[in-house]
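Enquirer: Got a predicted model here, sequence first, then my questions.
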Amino acid sequence: MMRDLGQLLVNGLIAGTEIGLAAVGFSLVYAVLKMSNFAIGSIMTVGAYAAWMGNVWLGLPVAAALVCAFLGAGLVGAAGDRLVLRPLRGQAALTLAIASMAMGLVIENIIRFFFGNDFMSFDTPVLRDIRWAGLRLPPVQLQNLAIALGVMLGLWALLRLTAIGKAMRAVADNPGLAEVKGIDPARIGLFANIVGLGIAGVAGAMIGINGAVDPVLGFRVLLPVFAAAILGGLGSLPGALAGALLIGVAEEASLLFAPPAFRTVTGFAIILAVLFLMPRGLAGLRRG
Amino acid sequence: MPVSDFPMTRRGLIAGSAALGAGLALGFHPVRAQSPGPVRLGALLPLSGPLSQFGPEIAAAHRAVIEEVNAAGGMFGAPVEYFAEDDQNVPDTGLLATRKLMGADGVCAVMGVLNSAVAAAILPACWENRVMVLGVASSDTLVELPHDGYFVRTQPHTVLQGHKLAEIAQDEGAQSVFVLAPQQPYSANLIAGIRAQLEPAGVPVGELIFDAKKTSFRSEVEAALRDEPGALILGGYPPENVIIAKEIYRAGYEGKVIVLSAGLTPTVIEGAGAEVVEGWLTSTPVADSGSTAYQRLAGLLKVDQPHLFSAQAYDHVNLALLAIAQAGEATGAAIRDNIRAVGDESGTAVDNALDGIVAIAAGQRVNYLGASGPCKFEPNGNIRVTIFDTLVVRDGKLVSAA
């Protein structure tokens, strides 16, 4: 039982980091632009395909393929924002949310048009699990964990140590004051899109490396990603990560008392309970 | 006959319309008109969209048999007529096409029907209009519909496929079996078929139904392998099987992996990696390639190995024509009531409609033995016996295990 619990905890944390990375990207875009970009699911898929093309067509190693994922997703996401969402900025939040959903569907279908509906796999070896202290640890997922931590660290450094990072935080905190101080909100918005959606693309690629790539890869995790961002308190990056880890662990822990087919339902029931107690999400803990 | 041969007056038009309206209100429908001939057969096929690679050869099989019969003089003194429509693999389109086949073309049978969702959409319209459906669609729930005998199918249903997968596990000497199946309507029947085969033999069967929309199945595979079953049976489709295959390999599982035929394809082998799925087994329904009917069909189509669906199409059209000949009338009810009679095991064996029609005319009982199998049906419309081939993955290729 304890061993099962340990294994479920490991599985939950690993699943949580993949979702967490995308949730952090979602929250970053929200913090700067004050809008929920629901196209993030399709942007994750774009990242997965970009990495797949880098790995299979160009023969790049995983690390370089992930750079392709970041660039591909970041650029497609930023272009989509420029073409579809920016002209609608200032409209009601619901209008923007629905426009972003529509944009996501268009992107998904463009992917289908070029790559078909079939799934595709990365050209990476499938390795046996490492056994340690009675736990099974999958090398590829440990690698994903390390990549996720690396990306988070890079993002932290970007926001804390660089001028553009500080400008992004300034816009997130008080856009009016930031503009008075001479920060160009359009430039910062573009940068936030590239970084936030690029990170989501890396998360998509990680899911693809672990399993397979298909046109609905990102759509399948859209709800957990959004839920993690909400649970963490929209706009809070550490909150989004904590929310994702909580969802990952809650879904896995639910297997102790419910069949796997109910995994999503049980996980979300736990989230609902948390939100009832803390309506502002986990970030509310720190503020309140 | 040109339209101008009917003098049409306004009064006549009104009277005619009123009569037609009254007739429809009383339940008389043009397609129910019973005439001895000509025999009109319809086909609903995927000629575009998914599965469309099978449609043209199926239509060719239907046509080849009908042309043979027509070359010998047709039935009831007139040529047999054939109407094929495209269902695009879409239920709504299939239903519209079926209405056209029944209403405008006046067919007494609809053959083909590959997709189960299309079959579910058209069946009520067909049984209400007493039109016989001879289909391929394999979803178990179809035979549970109140079709009143107006539906038979030649493709094995899921319970039968479950039996077959369980037999492989037994042949491989598995002392315990675990079934990992997606949350799909057919999964309960698949597991029921496996249990029915294994549990009386004392082989314990564990099961787990999972949500196939997930991107990872790590916990599911862990639960399945916890008690180290002798064989693991996978009931899912290729997308989830690629991910599950990798998880099974990572876990270092040493037992046998047996997969529902639709879930072990070349794309799965390529996606998961040949080494990962080496030795995986599946059981797939195949045509009776040793039968004389199958050889005849190959000759008619001028291909070496007609597909299983084409073999089933050949059987559909032969069975429909033989049942009509047996009944002496071309109606859906006549086919329904005689389709089992033309498979009389004490009768003269025939492998085509032409010989069968001659034998029936001579007062003989006939036993149709088809290209897809012996073509004997359960009372609910299910096929009784199907031929399966066990396939195994060897060096990245699916080959016969025999």
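Expert: Cool, got the structure.
Enquirer: give me every residue that touches the closest residue to chain B within the stretch 101-250 of chain A.
Expert: Distance from chain B to each residue of the stretch 101-250 of chain A (CB to the nearest CB) is smallest for A:Gly211, at 3.8 Å. The way it works is simple: take the backbone N, C-alpha and C, and place the C-beta from them, glycine included. With contact set as CB atoms under 8 Å, 6 or more residues apart in numbering or on different chains, A:Gly211 has these partners: B:Thr215, B:Ser216, B:Val242, B:Ile243, B:Lys246.
Enquirer: possible to save those as JSON lines with secondary structure, neighbour count and distance to chain A?
Expert: JSON lines is the format used below for the contacts of A:Gly211 (DSSP: H, G, I helix; E, B strand; the rest coil; neighbours: other CB atoms under 10 Å in any protein chain shown; distance: CB to the nearest CB, whole Å):
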{"residue": "B:Thr215", "secondary structure": "coil", "neighbour count": "23", "distance to chain A": "5"}
{"residue": "B:Ser216", "secondary structure": "coil", "neighbour count": "20", "distance to chain A": "6"}
{"residue": "B:Val242", "secondary structure": "helix", "neighbour count": "27", "distance to chain A": "5"}
{"residue": "B:Ile243", "secondary structure": "helix", "neighbour count": "26", "distance to chain A": "4"}
{"residue": "B:Lys246", "secondary structure": "helix", "neighbour count": "27", "distance to chain A": "5"}
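Enquirer: got these as CSV, with distance to A:Thr264 and pLDDT columns?
Expert: CSV is the format used below for these (distance: CB to CB, whole Å; pLDDT from 0 to 100):
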residue, distance to A:Thr264, pLDDT
B:Thr215, 12, 85
B:Ser216, 12, 86
B:Val242, 21, 92
B:Ile243, 16, 93
B:Lys246, 21, 94
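Enquirer: Can you mark which positions in the biggest helix by length in chain A are buried?
Expert: With residue count as the measure and DSSP state H as the assignment, chain A has helix A:2-33 as its longest helix. Neighbour counts using 16 or more other CB atoms under 10 Å in any protein chain shown place A:7-8, A:10-33 of helix A:2-33 among the buried residues.
Enquirer: Who are the packing partners of that helix?
Expert: helix A:40-52, strand A:135-137, helix A:139-161, helix A:163-173, helix A:185-210, helix A:217-232, helix A:237-253, helix B:218-225 (3 or more CB pairs under 8 Å, 6 or more residues apart in numbering or on different chains; DSSP states H and E).
Enquirer: Please state the offset of that helix from the chain centre?
Expert: 9 Å (CA atoms, centre = their mean, to the nearest Å).
Enquirer: for stretch B:166-173, same thing?
Expert: Relative to the centre of its chain, stretch B:166-173 is centred 26 Å away, using CA atoms, centre = their mean.
Enquirer: By average pLDDT, which secondary structure element in chain B comes out worst?
Expert: helix B:10-25 (a mean of 45; mean pLDDT, DSSP states H and E).
Enquirer: immediately after it, which helix or strand?
Expert: For helix B:10-25, the succeeding helix or strand toward the C-terminus, using DSSP states H and E, is strand B:40-45.
Enquirer: Let me see the residues that make contact with that next one.
Expert: B:54-55, B:58-59, B:62, B:66, B:80-87, B:94, B:97-98, B:101-102, B:105-114, B:118, B:122, B:131, B:313, B:317, B:320-321, B:330.
Enquirer: again, but for stretch A:59-71
Expert: Around stretch A:59-71, the neighbours that count as contacts under CB under 8 Å, 6+ apart are A:47-48, A:50-55, A:122-124, A:143, A:147, A:198-199, A:201-202, A:204-206, A:209.
Enquirer: And the buried ones among those, selectable in PyMOL?
Expert: To isolate the buried members of these in PyMOL, using 16+ other CB under 10 Å:
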select buried, chain A and resi 47+48+50+51+52+53+54+55+122+124+143+147+198+199+201+202+204+205+206+209
